[in-house]
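> generate a structure from the sequence data that follows.
(chains A, B and C)
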Amino acid sequence: MTSAGQLERRIIVISVAFAMTLFALAALAVNLYHVGLPTCLTDIKPFEKGELITHSPTHYELHYVARMWTFEPEDVTVPAGSIVDIYLSAADVTHGLILPGTDVNLMAVPGAVNYARVKFEKPRDYQVLCHEFCGTGHQTMATALHVVDMQTFRARRQAAAVPEPSDPGYQVIKMKACLACHSIDGKTRSGPTFKGLYGRSEKMTDGSVITVDDAYLRESIHEPKAKIVRGFQPVMPKPQITDADVDKIIDYLKTIK
Amino acid sequence: MELSPEHAIEIEPGLKRMILIEIIFPVALLTLGIYHGLMQVLYRSGLIHSSQFLGLEYYQGLTLHGVVNALVFTTFFAVAFGYAVVRYYLGRPLNMTVAWLSFALMVAGTLMAAAAILTGNATVLYTFYPPLRAHPAFYIGLTLAVIGSWIAFFNWIPVYVAWKRENPGRKVPLAVVGIFVTFIVWLIATIPLAVETIFLLIPWSIGWVPTVNVPLARMLFWFFGHPLVYFWLLPTYVMYYTMLPKLAGGKLYSDFAGRLTFLWLLLFSVPVGIHHQFTEPGISSTWKFVHAFFTMLVAIPSFATAFTMAASMEHGARARGGSGLFGWWRKLPYLDRDRWMFSYLFAGLFIFIFGGITGIVNASYSMNNVVHNTSWLPAHFHQTVAGPVFLSYIGMSLFLITKLTGKEIKGKGFNVWVPYIWTLGIMIFSTGLFIGGVGGEPRRTNMGLSYTDPQSPLYHVDWTAAKILGSLGGTIMTIAALIYFIVFFATLFGKRVKQGALELIVSEPYHDEQIPAVQSLTPWLAGAVLLIVVAYAPPLIQTLRSNFPGAPPYSPDSPVPLNLGPPP
Amino acid sequence: MMEPNDSKSGKPFFPSGAIAFFILLLLLYAVIWFTLYWIMIVRS
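Numbering: from 1, shown residues only, chains lettered A, B, ... in the order given. Model (predicted):
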């Protein structure tokens, strides 16, 4: 007759065998299916500029900078069949990057650079999400990654990239990190877009309708929670900013219709 | 529950009062933590499209939910339960001056942290990831609470030593082994946490040092963060091994299994923390692999527990007339109002079946890529910490309250259903989160403002069904918790029917094996220390040598770093 | 006192039901684990 002690030992042996089988299969997947985990990179330092670097028509290096609350570069397009080496750097706090539909799942930790390789077989639109809490705008930190066929890719490459504006107002907006919540190209982030903002009529949370002018912009910059545009949250912190810089911003906003 | 009235013992009024407060205080706070659990599923499912509700911001409430439920409630309960077990089994009074000092530190620390959270100055979640910065009161408060819990443990050691001296050759009671392992694991695990708060976070959050080494802080946090879950689970295992067999009407199938489970957890609880950091940069994949291997081994005692609990319940069920290979499952006291504690423990075991396998998935090295930081994770740990741990803790809290005050339980018929309603809720909730998580749904995200808002350009239609299940399950869980709170406070404010005394449920072993390997803590403790050095020294040295540039503090509200030092 | 753990035939208690439960548990675990493993491979 088996004693309890013997039986318990058998249960433990079976459990160890079971767990180790799973572990071995998970380890095998690294070699068989190329799904590994990131390691410690020593040859690349944290970077501040996000970009897509072309090594060959089917091999790209994608440097993502995660910052509150955007990914740079935004809306990347790569051709189907290409291999993309994703490098990820955190510019301020800890972020995450997940590419649902693939096995790309990375943390962006200030101080260290993360890495994953992905091969895109077929055309598809992916959403890139931040999946680590990174402040009150976290839920809108996402961008798109388009995989298109080679022909479409070449056609889009023709349309040259828009250079960064040199306007002094834009420099203030960039320095004060307004771009974390306000886009200049019409995209909705945590705050209303700056594109076409000047002169637009906006509906407020209290039901009133306001036409955006100098006085409204000045008030909204100095007292962000005084009036809130419908559909947005009163989350903007009060910036430390001079009146001269506010004027530069307003002049710049008049130029982006 | 009149299972063993002869086992009730009179205890000192001071100790009795302290155990009572250490149960009532966190249960009262738990109402707030559970309230925000409900709010979270409502926000996430898109039923609320707002950054705040009733003055509580989403991420502030999420921080509160994590800190209160996972840190405060659990630590207070473990200390209160530890006092009860040590006093009950070792039969000696405790030093009350030391006990009250521990108590005062824990309460003061908790109130400091709670004040920082409620005033919106510590919205950093319970994992407090820098460089998001909380008010120093948050880190100092939690550090004090942890030190208070250490002092409670130090108070038990002389009692244990004296008992050993007076009872040479006798086995230490199983429950005492379990509680001592619980607190040894806690002590080992909280040392890196204290190092993180005292040397990295507090000086940085005050403004004495400009930057913090984020990869180092994260490694120290997870050095603590995984043994933390065994600190939660071990008191539950004490209840499973020493109470569940008796409640089922039988005996503990194997005393050896209980001892081995506790000692095995002592050995492997700590050198596994990097499995929380699988997808992070700055850590060599070799050490990730080593931690993954140890994590597989730390799952083994839970397999043994699943079998031993089934065998012990089978023993009880057969004594109650059960038969057949599976037929005996019908003969367990699922709805016995007078053995209501059975329902709390049994329901937790059921939930843990799923919490167990999803944990193995998380730990399976490359498979972590599928689930890391998605809503799969909260689904997994709600099936562990909000399953067996939570149910056993609230059940035992209620049990101790009735015994220590000598009061009759109010609403017995409702009470016995609480764990089953909770189970129904958590299974629905987790199913929703599992499905969403595999589809990439992020955890810790106010999705009502983006991914579940049809007005938003980020609207994600695939996650809607998952969110409906999440909010439905969360609502059912809240209903169960509400019934529990009504029963708990009605009992507490009810009339005393007899003299209050300390009483625990005590199962006898069916097989009381004498196996020397599991009779002594010391070799296992030495093994644990050795494994920690092997698993943590190299990655810690690597992290320190890498000279990662430091990060300045940030408020969660703004992308511009905070300037805490004197103006330039 | 009669040992409550002994069945009427007087045989000592053997947890055959618990063993059956344990086998089913491992089967369930394998099914769930391989589902996730398959998802990982499909996406790789």
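
> what residue is smack in the middle of chain B?
Taking C-alpha atoms, centre = their mean, the centroid of chain B lies closest to B:Trp232, which sits 3.2 Å from it.

> contact residues of the stretch 251-400 of chain B facing chain C?
B:251, B:253, B:303, B:306-308, B:310-311, B:313-315, B:317-319, B:324-326, B:328-329, B:353, B:356-358, B:360-361, B:364, B:366-367, B:369-371 (C-beta under 8 Å from any C-beta of the partner chain). Bear in mind the C-beta positions are built from the backbone N, C-alpha and C, glycine included.

> of those, grab the buried ones for ChimeraX.
ChimeraX command restricting these to the buried ones, with burial defined by 16 or more other C-beta atoms under 10 Å in any protein chain shown:
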select /B:251,253,303,306,307,308,310,311,313,314,315,317,318,319,328,329,353,356,357,358,360,361,364,366,367,369,370,371
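
> what number of residues lie near the residue nearest to B:Thr478 when sequence neighbours are not counted?
Leaving aside its sequence neighbours, B:Thr478 sits nearest to B:Leu38 (C-beta to C-beta, 6 or more residues apart in numbering or on different chains; 4.4 Å). B:Leu38 is flanked by 19 other residues according to other C-beta atoms under 10 Å in any protein chain shown.

> for the host helix or strand of B:Leu38, name the packing helices and strands.
Using DSSP states H and E, the element containing B:Leu38 is helix B:13-44. For helix B:13-44, the packing partners by 3 or more C-beta pairs under 8 Å, 6 or more residues apart in numbering or on different chains; DSSP states H and E come out as helix B:58-66, helix B:73-90, helix B:96-118, helix B:390-405, helix B:464-492.

> now tabulate the ones you listed in TSV and tack on mean neighbour count and mean pLDDT.
Formatted as TSV, the helices and strands packed on helix B:13-44 follow (neighbours: other C-beta atoms under 10 Å in any protein chain shown; pLDDT from 0 to 100):
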stretch	mean neighbour count	mean pLDDT
helix B:58-66	25	95
helix B:73-90	24	97
helix B:96-118	19	97
helix B:390-405	24	97
helix B:464-492	20	95
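
> residue in chain C nearest to chain A?
C:Ser44 (4.2 Å; C-beta to the nearest C-beta).

> give me the pLDDT value at the residue nearest to the centre of chain B.
For B:Trp232, the model assigns a pLDDT of 96.

> right, and it touches B:Val385 too?
Yes: contact status for B:Trp232 versus B:Val385: in contact at 5.4 Å, counting by C-beta atoms under 8 Å.

> got the contact list for the host helix or strand of A:Val172?
When secondary structure is defined by DSSP H and E, A:Val172 falls within helix A:168-175. Helix A:168-175 has contacts (C-beta atoms under 8 Å, 6 or more residues apart in numbering or on different chains) with A:164, A:179, A:182, A:184, A:194, A:241, A:245, A:248-253, A:255.

> mark which of those residues are buried, thanks.
Applying 16+ other C-beta under 10 Å to the contacts of helix A:168-175 flags A:Leu179, A:His182, A:Ile184, A:Phe194, A:Ile241, A:Asp245, A:Lys248, A:Ile249, A:Ile250, A:Tyr252, A:Leu253 as buried.

> show me the shaky parts of chain C.
By pLDDT under 70, the weakly predicted segments of chain C are C:1-10.

> which residues of it lie near chain B?
Within chain C, the positions near chain B by C-beta under 8 Å from any C-beta are C:4-5, C:7, C:13, C:15-22, C:25, C:28-29, C:32-33, C:36-37, C:39-40, C:43.

> residue in the stretch 51-200 of chain B nearest to chain A?
Proximity of the stretch 51-200 of chain B to chain A (C-beta to the nearest C-beta) peaks at B:Ser51, 4.0 Å away.

> just checking, that residue touches A:Met236?
No: with contact defined as C-beta under 8 Å, B:Ser51 does not reach A:Met236; the gap is 11.1 Å.

> please, where are all the helices along the stretch 201-350 of chain B?
Ranges of helices in the stretch 201-350 of chain B, per DSSP state H, counting those that start in this stretch, are B:202-206, B:214-242, B:244-247, B:255-268, B:285-298, B:300-319, B:341-363.

> which helices and strands sit right next to the third one?
Applying 3+ C-beta pairs under 8 Å, 6+ apart, one finds that helix B:244-247 contacts helix B:300-319, helix B:341-363.

> cutoff 6 Å now
helix B:341-363 (3 or more C-beta pairs under 6 Å, 6 or more residues apart in numbering or on different chains; DSSP states H and E).

> neighbours of the nearest residue to A:Gly191 once chain neighbours are set aside, just the number please.
With C-beta to C-beta, 6+ apart as the measure, A:Cys181 is the residue that lies nearest to A:Gly191, at 3.8 Å, once sequence neighbours are left out. The number of residues packed near A:Cys181 is 23, by other C-beta under 10 Å.

> do the one 5 residues further on as well
A:Gly186 sits with 10 neighbouring residues when counted by other C-beta under 10 Å.

> pretty sure A:Ile53 sits in a strand.
Yes: according to DSSP: H, G, I helix; E, B strand; the rest coil, A:Ile53 belongs to a strand.

> distance of it from A:Leu145?
15 Å (C-beta to C-beta, to the nearest Å).

> likewise B:Ile532?
Taking C-beta to C-beta, one finds B:Ile532 at 41 Å from A:Leu145.

> farthest-apart pair in the contacts of helix A:168-175, please.
The largest separation in those, counting by C-beta to C-beta, is between A:Glu164 and A:Ile241 at 20.9 Å.

> ok, the residue of the stretch 101-250 of chain A found nearest chain C - contacts?
Using C-beta to the nearest C-beta, A:Asp103 is the residue of the stretch 101-250 of chain A that sits closest to chain C, at 5.0 Å. Applying C-beta atoms under 6 Å, 6 or more residues apart in numbering or on different chains, one finds that A:Asp103 lies in contact with A:Val35, B:Asn369, C:Arg43, C:Ser44.

> let's go with 10 Å and repeat that
Applying C-beta atoms under 10 Å, 6 or more residues apart in numbering or on different chains, we find A:Asp103 in contact with A:29, A:33-36, A:116, A:118, B:366-370, C:39-44.

> where does it sit: helix, strand or coil?
coil.

> and the gap between it and B:Gly359?
20 Å.

> quick one: secondary structure of A:Lys187?
coil.

> what residues does it make contact with?
Contacts for A:Lys187 were tallied using C-beta under 10 Å, 6+ apart; they are A:Thr70, A:Glu74, A:Asp75, A:Thr140, A:Thr143, A:Thr193, A:Lys195, B:Pro457.

> any idea which residue sits dead centre in the chain?
Here I'm looking at chain A. Note: chain A centre (C-alpha atoms, centre = their mean) maps to A:Phe71, 2.8 Å.

> report the secondary structure state of the nearest residue to that residue once chain neighbours are set aside.
In space, and not counting its chain neighbours, A:Phe71 is closest to A:Thr143: 4.4 Å by C-beta to C-beta, 6+ apart. Recorded secondary structure, A:Thr143: strand (three-state DSSP).

> run a quick neighbour tally on A:Thr143.
Neighbour number of A:Thr143 under other C-beta under 10 Å is 21.

> now do the contacts for it.
A:50, A:64, A:70-76, A:97, A:126-130, A:187, B:458.

> of the residues you listed, buried ones?
Buried members of those, scored by 16+ other C-beta under 10 Å, are A:50, A:64, A:70-73, A:76, A:97, A:126-130, B:458.

> TSV for those residues, including pLDDT?
Putting the buried ones among the contacts of A:Thr143 into TSV (pLDDT from 0 to 100) gives the following:
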residue	pLDDT
A:Gly50	93
A:Tyr64	97
A:Thr70	94
A:Phe71	96
A:Glu72	92
A:Pro73	92
A:Val76	94
A:Leu97	98
A:Tyr126	95
A:Gln127	94
A:Val128	96
A:Leu129	95
A:Cys130	97
B:Leu458	90
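
> so can I have JSON lines of those showing secondary structure?
Formatted as JSON lines, these follow (three-state DSSP):
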{"residue": "A:Gly50", "secondary structure": "coil"}
{"residue": "A:Tyr64", "secondary structure": "strand"}
{"residue": "A:Thr70", "secondary structure": "strand"}
{"residue": "A:Phe71", "secondary structure": "strand"}
{"residue": "A:Glu72", "secondary structure": "strand"}
{"residue": "A:Pro73", "secondary structure": "coil"}
{"residue": "A:Val76", "secondary structure": "strand"}
{"residue": "A:Leu97", "secondary structure": "strand"}
{"residue": "A:Tyr126", "secondary structure": "strand"}
{"residue": "A:Gln127", "secondary structure": "strand"}
{"residue": "A:Val128", "secondary structure": "strand"}
{"residue": "A:Leu129", "secondary structure": "strand"}
{"residue": "A:Cys130", "secondary structure": "coil"}
{"residue": "B:Leu458", "secondary structure": "coil"}
